[in-house]
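> Give me the fold of what follows.
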Amino acid sequence: MPKVKILVVEDSKDTFKLIQKHLKELEYAVSSFVASGEEAIKKAEEDMPDLVLMDIELEGKMDGIEAAGVIRARLDIPVVYLTAHSDEKILERAKLTEPFGYILKPFKKGELQSNIEMALYKYKVEKKLKKTNQELQDALDKVKLLSGLIPICANCKDVRDDGGNWKQVEDYIQTHSEAQFSHGICIKCTKELYPEFYDKNKDTGKQQSND
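Residues are numbered from 1 along each chain as shown. Now for the predicted structure:
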């Protein structure tokens, strides 16, 4: 079974060495190590890791929250924040990126492992739920039901649609339902339109079909 690939975004080399040590002991693989938000996005696109461990305060103009937002929206990769900050305003900003975990420094190996495993599990469940919802939506899109009042001409039997256009009743029904039409001629119309044919077959009483 392939190892879980983790992108580590951390601007402290000492902290990275500790993370790297823990991840190796836990049998995770570090796909890359970067120190800025801009590099994090680039490496996430290149490596497509299973998870990103993201520090919040980083080198460069983009902090970890901004980078995480881009990675989550563009690549749909789960992000776990690894930070020394528990400030409420920072936490509220971080929530908007829908993180899968928030670990405060200093941390222990067991805490790192439990957050990674929980994040991977939550992400797997989320993907399955999204797939199920999409399948349900696709199924609902295919189901079309006729309901309510349908404006129909008393003379020619054309039906007026929502846009005010008049259509033949079969066109309207096919547009608003899953019904398909085949065409034939009923006994009444056969008698009126083709009397000689009707007289010949009147004993059978069968409907004549053009299909």
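> Okay, helices next: where are they in this protein?
Ranges of helices within the chain are 13-25, 37-47, 64-75, 88-95, 109-142, 169-176, 187-193, 195-201, based on DSSP state H.
> By mean pLDDT, show me the worst of these.
Mean pLDDT is lowest for helix 195-201 among the helices of the chain, at a mean of 68.
> Now do the residue nearest to the spatial centre of the chain against residue 119, distance only.
What sits nearest the mean C-alpha location of the chain, by Cα atoms, centre = their mean, is residue 130, with 5.1 Å. Applying Cβ to Cβ, to the nearest Å, the value for residue 130 to residue 119 is 16 Å. C-beta coordinates here come from the backbone N, C-alpha and C atoms, glycine included.
> again, but for residue 30
Applying Cβ to Cβ to residue 30 and residue 119 gives a distance of 16 Å.
> again with residue 100
4 Å.
> Between these two, which contacts overlap?
Contact criterion Cβ atoms under 8 Å, 6 or more residues apart in numbering; residues shared by residue 100 and residue 119: 51, 78, 80.
> Does the second one touch residue 125 like I think?
So that's residue 78. No - look at residue 78 against residue 125 with Cβ atoms under 8 Å: they stay out of range, at 11.2 Å.
> who has more neighbours, those two?
Per other Cβ atoms under 10 Å, whichever of residue 78 and residue 125 has more neighbours is residue 78, with 23 against 10.
> Contact partners for the more buried one?
50-52, 72, 99-100, 119-120, 122-123.
> out of these, who has the most neighbours?
residue 52 (31 neighbours).
> who does that one bridge with?
residue 7, residue 79 (DSSP bridges).
> and it, what does it touch?
Taking Cβ under 8 Å, 6+ apart as the criterion, residue 52 is in contact with 6-9, 40, 44, 68, 71, 77-80.
> hmm, 10 Å instead?
6-9, 31-32, 40-41, 43-44, 64, 67-68, 71-72, 75, 77-82, 99-100, 119 (Cβ atoms under 10 Å, 6 or more residues apart in numbering).
> Please apply the same query to residue 85.
Counting by Cβ under 10 Å, 6+ apart, residue 85 has contacts 55-57, 64, 91, 94, 102, 104-105.
> Neighbour-wise, which one of the residues you listed leads?
Going by other Cβ under 10 Å, residue 64 tops those with 29 neighbours.
> Now do the nearest residue to that residue once chain neighbours are set aside against residue 68, distance only.
Spatial nearest neighbour of residue 64, chain neighbours left out: residue 56 (4.1 Å); criterion: Cβ to Cβ, 6 or more residues apart in numbering. The gap separating residue 56 from residue 68 is 9 Å, by Cβ to Cβ.
> burial of residue 68, as a residue count?
Residues near residue 68, counting by other Cβ under 10 Å: 29.
> quick one: it from residue 90, how far?
12 Å.
> Residue 6 versus the closest residue to residue 36 other than its chain neighbours, what's the distance?
Closest residue in space to residue 36, ignoring its immediate chain neighbours: residue 60 at 3.8 Å, by Cβ to Cβ, 6+ apart. Plainly put, residue 60 is 21 Å away from residue 6 if you go by Cβ to Cβ.
> quick one, which of these two is more surrounded?
residue 6 (24 against 13).
> Surely residue 55 touches residue 105?
Yes - the criterion here is Cβ atoms under 10 Å, and residue 55 meets it with residue 105 at 8.7 Å.
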